[in-house]
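**Student:** Here is the input, now give the coordinates:
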Amino acid sequence: MMNRSCPYLLPTLLVFPWNIETRGAILGAVAGYDTSDEDACWNTSEVIDVENDTWGQIVKYTGSEEDERNTTEDHKGKIVISDDEGYSLNNILAKCRHRDGSIYGNMDIWWKKAYLIADRNETRLEAMALSDPTNCIIHDGICIQHHPGRMLQILSLELDKISVDGDLVELYGYIAVRDDVDPLLNYVVNFSRDEPITVEQGSLINMTGPKRGIDMMDFALTEYDMRIKTGKQEKDDLQLIDGASIIGPAGIWNCPFTIRIPGDCGAVNITLSHLEDAVEATVEVLILEVQRSFNLSLGCLTSGLNKEIRLLDGAIAKSCGLKRSVVAVARDSSIDLKFKLTSLLSSSSQHCCSFKSKTHGHDTKEIKTDFALISVKVTWSTLPDGALW
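**Tutor:** This next block holds a predicted model:
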C-alpha cells in the first residue's frame, strides 16, 4: 500500500478582484500551485487582502480565539490560510447563520440560489445510482459512456478546542454538503437533540454520511449548525458552529487539507481531499457467524492518501448488517479497509483487505476471524453526468 508524500511549494503573492468570475481561480492563485502535479501539497507564507461585502477578505491565521469568535459573530466572512499545519482554509460566508435567520435573507445571492438554501430536504440521489447501467458503451473492455469525475472526500471531523468545562460534551446538529449534482442536503453528520453524541475535546466526530458521493466539478457548499447540549431546554444550549462555507475546485488535489470552522464556543476541523478522476465506492459490511461479542473499528485509506477515514466503531454481539459507507476512490487506485477487532476476554486482531477501483459493478470478500465471519461488499458507480434538478 502506497502512502502519498507531499512536497511543499512556496506560493507567489498575487492579487485578484474578488468576484463570481474569479472565485474559481483565486485560491489556486494564492497557492501558486501547478495542477498538473497531483502529488503537490503546499504551505503558504504569504497572504492577500481583498475586500468584498459577500466574500470578505483573506487574512493570515494567528490562532487567536478572539479573532475566531469575531469571524463568526460579525459575519465578516474570512478565508484564512495557515502555514503551520500544511494547508488550512477557513472560508466562512458572510451573514449566513441559521439561528438568527440571516442565511435566509437576500436570496438573490448567487450561492443561495444555486444551492437552494431555502430547501431543507435531504438529497434525492442515492448511492450506487450508476452501478449497473443499461446504456454503457464498451470499448476494449472499458465503459466510455460513464466517466470518473472530480469528487470531494471528507476524511475526518475533529472537535477542536471548546470554551466549556470538562473534557466530554454532548453535541447535536448537522454538517452537510450541497453540490451541483443535487444541491439538497447530503448529510455528513446529523444528530437530534434527543440523541446527541458524546465527544471528547480534540477527538474525532464519528461520521454517519455522506449518503452518496460528493461532486467537485465546480463548487460545493458546506452547511452546518451544531450545538453543545448543556441545559434542560434548547435555549440553554451553546452554539458550536453555525453557517456555511464554499469549497472550490482550485487548490491542491489528491492530498489532504483542512478547513477550520470557528464558532462561538469552539471550532470543528474538517479534513478533506479533492480527488481527480474518481468513482464512488459504497462499502457494505455484514457480520456473520458470530462466535463471541467484540468491538469493531473499521478504518479506510483511499487513493493512496495517508489519512485514515473512520467508517465504523462499535460493539458487535450478534449477526447483523452495519451502516453503509460511501467513499470516493481515484481511478486506477484502491480502497484499503482495516478491520480491528477487540475483546476484554482475548487479544485483539487486525485484518486488511483491498479493492481496486472500477467504473461499475461490485466486488465481495470474506474475512474469517476468531470472533466472526465478516462479509465485505464494495459497489462501484460514477456520479450522474449533470445536475438532476
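
**Student:** all contacts plus neighbour counts: C-alpha atoms, from now on.
**Tutor:** Fine.

**Student:** Lys338 and Cys352 touch, don't they?
**Tutor:** Yes: contact criterion CA atoms under 8 Å: Lys338 and Cys352 qualify, at 4.5 Å.

**Student:** Neighbour count: those two, which is higher?
**Tutor:** Taking neighbours as other CA atoms under 10 Å, Lys338 and Cys352 compare with Lys338 leading, 18 against 13.

**Student:** mind checking pLDDT for the more buried one?
**Tutor:** On pLDDT, Lys338 comes in at 97.

**Student:** From His139, how far out is it?
**Tutor:** For Lys338, the distance to His139 equals 35 Å [CA to CA, to the nearest Å].

**Student:** same deal with Asp242?
**Tutor:** Here Asp242 is placed at a distance of 48 Å from His139 (CA to CA).

**Student:** higher neighbour count, those two?
**Tutor:** Neighbour comparison, Asp242 and His139: the larger count goes to Asp242, with 26 against 9 (by other CA under 10 Å).

**Student:** Now that one: which helix or strand?
**Tutor:** Using DSSP states H and E, Asp242 maps to strand 238-247.

**Student:** Show the average pLDDT along that strand.
**Tutor:** On average, the pLDDT along strand 238-247 is 93.

**Student:** Show me what it is packed up against.
**Tutor:** Packing partners of strand 238-247 (3 or more CA pairs under 8 Å, 6 or more residues apart in numbering; DSSP states H and E): strand 88-91, strand 220-229, strand 266-288.

**Student:** List the buried residues for that strand?
**Tutor:** By 16 or more other CA atoms under 10 Å, the buried positions in strand 238-247 come out as 238-247.

**Student:** Repeat that for stretch 334-344.
**Tutor:** Quick answer for stretch 334-344 (16+ other CA under 10 Å): 334-342.

**Student:** so how far is Val329 from the closest residue to Ser334 other than its chain neighbours?
**Tutor:** Excluding the flanking residues, the one nearest Ser334 by CA to CA, 6 or more residues apart in numbering is Lys356, at 4.4 Å. Relative to Val329, Lys356 is positioned 9 Å away (CA to CA).

**Student:** Give the residue from those two that has the larger number of neighbours.
**Tutor:** Under the neighbour definition other CA under 10 Å, Lys356 and Val329 were set side by side, and Val329 has more, 29 against 15.

**Student:** Touching the strand or helix carrying that one from outside, list them.
**Tutor:** Under the criterion of DSSP H and E, Val329 resides in strand 325-330. For strand 325-330, the surrounding residues in contact (CA atoms under 8 Å, 6 or more residues apart in numbering) are 127, 151-153, 208-213, 275-284, 302-303, 311, 335, 357.

**Student:** Sort out which of those residues are buried, if you could.
**Tutor:** The buried subset of the contacts of strand 325-330 (16+ other CA under 10 Å) comprises 127, 151-153, 208-213, 275-284, 302-303, 311, 335, 357.

**Student:** before we move on, the earlier item: of the buried residues of strand 238-247, closest to Asp160?
**Tutor:** Taking CA to CA as the measure, Leu240 is the one of the buried residues of strand 238-247 closest to Asp160, at 10.4 Å.

**Student:** other SSEs contacting the strand or helix carrying Leu311?
**Tutor:** If you go by DSSP H and E, Leu311 is part of strand 309-316. Strand 309-316 makes packing contacts with strand 149-162, strand 294-302 when contacts are defined by 3+ CA pairs under 8 Å, 6+ apart.

**Student:** Enumerate the positions of it that are buried.
**Tutor:** Across strand 309-316, burial judged by 16+ other CA under 10 Å covers 309-312, 316.
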